[in-house]
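In: Sequence and predicted structure, then a few things I'm wondering about:
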Amino acid sequence: MVPLVTIVGSGRVGTEIAKHILINDLADVVLIDIDPNKVRGEALDLTHMVAMLGIDRDVKPSTDYRDMSGSDVVVISAGIPRSPGMTREQLIYSNAGIVYNICKSISEYCPKAVVIIVTNPVDALTFIAWKATGFERERVMGFGSMLDSARMRSVIAKKLGVRVSKVSALVMGEHGEAMVCMFRYSYVDGTPVIALLSSEDMEEIRRTVRGLGAEIIRLRGYSSTHAPGVGVAMLVRAVLRDEKRVYPVTAILDGEYGYRGIPLAVPAVIGRRGIEKIIELELTDDERKELEQAAKKIVETIKQALPPELCADIALA
Ligand code: NAD
């Protein structure tokens, strides 16, 4: 069977994701959008891209959710992005209904798919997607802290004057202001960065990483596309190829880190079944407190968007 990935929302981010899936020859792609001309135009351009490269992959444009049938993975990047000065949480009012309705269609037409949420606020929307699909928690994940971790990696490399390929960095918690930069679990060629950075350096890195999403919007007028495009394609590849890679995705916790029924960005093993294992790191009291702040903020955002009966089983530690 030819692997098939549906991307719902063929805007700036959705088409970047499609581009990297196709360039890496991972799957045929169905692009779905409410704007019929835009989705046909994007699909044509991507079709010519694979022709240019000589890659035998199909790109099908659609405005009909039934066309997602048979997809191995469905990515949701539909909805409103941030404008300058906006927080991601403010998007919940416009994007919760969009994601909820798309997920109802996924459960109808694609009951076996792994679902990846990209639309912001990504953590709260991963919870809504989990509720709306009714899928087991392993098959619904958010893009989580992958982008923030890449940003932290880049900022640490610059600060220390080392190659970015030698740095690994981890951000957990929320894809937003309450993100938790995990310096104790970040390394340069095996050396923990906490041995190389002062506490002032770490505070500066934390502040910089938190502000980078808004900085991109301020500079060019719209939010990031290249890094999430390639990052989501990496996540899709880990599922399709059963790679068992560890990525910090938004997962619905079920006892891990002391939370139940809460979406939080945590490192997890990603394979054909979706989230195959959540990795529980030992945390210091300070890290635990920061994670608690992230969890509280996500729960507040969910409660703004969902009727109380759907939030009944959300419990903080
Ligand atoms: P965009 O405006 O370029 O694209 C959004 C697309 O969604 C548009 O083409 C629109 O027509 C479509 N759409 C809207 N409602 C739809 C529906 N019901 N069904 C199908 N399509 C629908 O925006 P973008 O820059 O591509 O950003 C998309 C989302 O991704 C935003 O919410 C943004 O905040 C988020 N994002 C998340 C991350 C992350 O790290 N999680 C990174 C970047 C962007």
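Out: Yep, that arrived.
In: can you list contacts of stretch 53-62?
Out: For stretch 53-62, the surrounding residues in contact (Cβ atoms under 8 Å, 6 or more residues apart in numbering) are 10, 18, 22-23, 25, 27-33, 39-40, 42-44, 46-47, 50, 67. Every C-beta, even on glycine, is put in place using the N, C-alpha and C of the backbone.
In: Hmm, I typed the wrong one, I wanted stretch 201-221.
Out: Everything outside stretch 201-221 that qualifies as a contact, by Cβ under 8 Å, 6+ apart, is 82-84, 88, 147-148, 151-152, 155-156, 159, 171, 177, 179, 181, 183, 194, 197, 223-224.
In: Any of those buried? List them.
Out: Buried residues within the contacts of stretch 201-221, defined by neighbour count using 16 or more other Cβ atoms under 10 Å: 82, 88, 147-148, 151-152, 155-156, 159, 171, 179, 181, 183, 197, 223-224.
In: Need the max-distance pair from the residues you listed.
Out: In terms of Cβ to Cβ, these reach their longest pairwise distance at Arg82 and Leu197, which sit 29.7 Å apart.
In: Enumerate every residue touching the closest residue to the ligand within the stretch 151-300 of the chain.
Out: When Cβ to the nearest ligand atom is the measure, the stretch 151-300 of the chain has its nearest residue to the ligand at Pro228, with 3.9 Å between them. If a contact means Cβ under 8 Å, 6+ apart, then Pro228 has 13, 16-17, 118, 143, 147 as its contacts.
In: What's the first helix or strand after the host helix or strand of it?
Out: Using DSSP states H and E, Pro228 maps to helix 226-240. Sequence-wise, the next helix or strand downstream of helix 226-240 (DSSP H and E) is strand 245-254.
In: that older thread, which members of the contacts of Pro228 additionally contact the ligand?
Out: When Cβ under 6 Å from any ligand atom is taken as the criterion, the members of the contacts of Pro228 that contact the ligand are 13, 118, 143, 147.
In: For the first one, grab the count of nearby residues.
Out: When neighbours are defined as other Cβ atoms under 10 Å, Val13 has 28 of them.
In: doesn't Ile117 make contact with it?
Out: No: no contact is recorded between Val13 and Ile117 when judged using Cβ atoms under 8 Å, the distance being 11.8 Å.
In: confidence score at the nearest residue to Val39 once chain neighbours are set aside?
Out: Of all residues not flanking Val39 in the chain, Asp33 sits nearest, at 3.9 Å (Cβ to Cβ, 6 or more residues apart in numbering). Looking at Asp33, its pLDDT stands at 98.
In: Kindly report the same for Thr133.
Out: Predicted confidence (pLDDT) for Thr133: 97.
In: Isn't it up against Val140?
Out: Yes: in this structure Thr133 lies within contact range of Val140 using Cβ under 8 Å: 6.2 Å.
In: residues from the chain in reach of the ligand?
Out: Taking Cβ under 6 Å from any ligand atom as the criterion, the chain approaches the ligand at residues 8-14, 32-35, 38, 77-82, 91, 95, 98, 102, 118-120, 122, 143, 147, 175, 223-224, 228.
In: buried stuff in stretch 86-106?
Out: Along stretch 86-106, the positions that meet the burial threshold by neighbour count (16+ other Cβ under 10 Å) are 88-92, 95-96, 98-100, 102-103, 105-106.
In: Out of the residues you listed, which comes closest to the ligand?
Out: The shortest distance between the ligand and any of those, using Cβ to the nearest ligand atom, involves Ile98 and amounts to 4.4 Å.
In: which residues touch the closest one?
Out: With contacts taken as Cβ under 8 Å, 6+ apart, Ile98 has the following neighbours: 78-79, 119.
In: do Asp242 as well
Out: Asp242 makes contacts with 271-272, as judged by Cβ under 8 Å, 6+ apart.
In: Report pLDDT for it.
Out: pLDDT recorded at Asp242 is 98.
In: Residue of the stretch 1-150 of the chain closest to the ligand, please.
Out: In the stretch 1-150 of the chain, the residue that lies nearest the ligand is Gly11 (1.7 Å; Cβ to the nearest ligand atom).
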